[in-house]
Structures are given as structure tokens and as C-alpha cells.
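Model the structure of this input:
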Amino acid sequence: GGDPGPEPTRYEAENATISNGVVESNHPGFSGTGFVNYDNAVGGYVEWTVNATAAGATKLTFGYANGTADNRPVALTVNGTAVGNVDFPSTSVWTTYTSVTTTANLNAGANTVRATATTANGGPNADYLDVG
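This is a model prediction of the structure:
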């Protein structure tokens, strides 16, 4: 039992700030109008501006696809502060989407959540970020 709380708020990757990546829609199954294909390089990122109703630990769920055999981890920062790496294991094919969840402290109001590729393969195909 218990109140599951409000539904999370979805922020589409294609509407985020993108560095060293492009919006594509060639692998069906994504949410919204597309996804972000990171360049195959270290340092590309997707950065969302998200709103939190209250300060504190908040669930962050990243939708993605990874058609390679290799994990494509990202370094996660919130409001410029490193909060650790998030792994994006293989989904076998680019048309299979799944999600991974982590928790980070957000401020009340606007926050920036940046996922930066840490390997030469770049990040996964980033679909969305659900907050809450």
C-alpha cells in the first residue's frame, strides 16, 4: 500500500541541450519525436533543465537504447556537481528501449542534469529523462 506519489515528469532528450550528438528518429520505439545519438567520443552530453517541487533526493530514470555489446556509461552531474556514473548496458539492438534509474539531490525549482559520455563509444541513444 501507500500512496505511490505523483507521476514522474518526462523530459525528452531531443528537447535538451546537446553537445556532440544529433537528434535522430531512425530506430522506432522511442518516446516523443526522437532520441539523441551521441557522437562516438568522450565528452558529448545531453543536459536537461528540470524542475523539482521540493529539494531532496529525487529519482532520475533515463530511457535509452544501446545496440552494441558494450556498456556506454555516462558521468552524471546535477547543477554542476558530479553525482557518479550511470551505466547503460546493451539492449542488444537499437530498436529495444529500456531504462535505468538512479537518485540524486535536486534543488527546489530549476536544476540542470547532464549526462556526459565517458568512453570512446559515446553515450547510449538517449530517449528521455523521467524526474520523480
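
for Ala13, phi and psi?
phi -60, psi -30 (degrees, to the nearest 10).

Surely Thr95 is in contact with Ala65?
Yes: in this structure, Thr95 sits in contact with Ala65. The criterion is CB atoms under 8 Å, and the distance is 7.0 Å. Placement of C-beta: from N, CA and C, glycine included.

what residues are shared contacts of the two?
27, 29 (CB atoms under 8 Å, 6 or more residues apart in numbering).

Looking only at neighbour counts, state which of the two leads.
Higher neighbour count among Thr95 and Ala65: Ala65, with 23 against 14, using other CB atoms under 10 Å.

thought the more buried one was touching Val100?
No: in this structure, Ala65 is not within contact of Val100 by CB under 8 Å, at 11.7 Å.

which residues sit in contact with Thr33?
Applying CB under 8 Å, 6+ apart, we find Thr33 in contact with 12, 14, 25.

Residues in a beta bridge with the first one, which ones?
With DSSP bridges applied, the residues forming beta bridges to Glu12 are Tyr128.

Give me the distance between it and Ala126.
According to CB to CB, to the nearest Å, Glu12 stands 9 Å off from Ala126.
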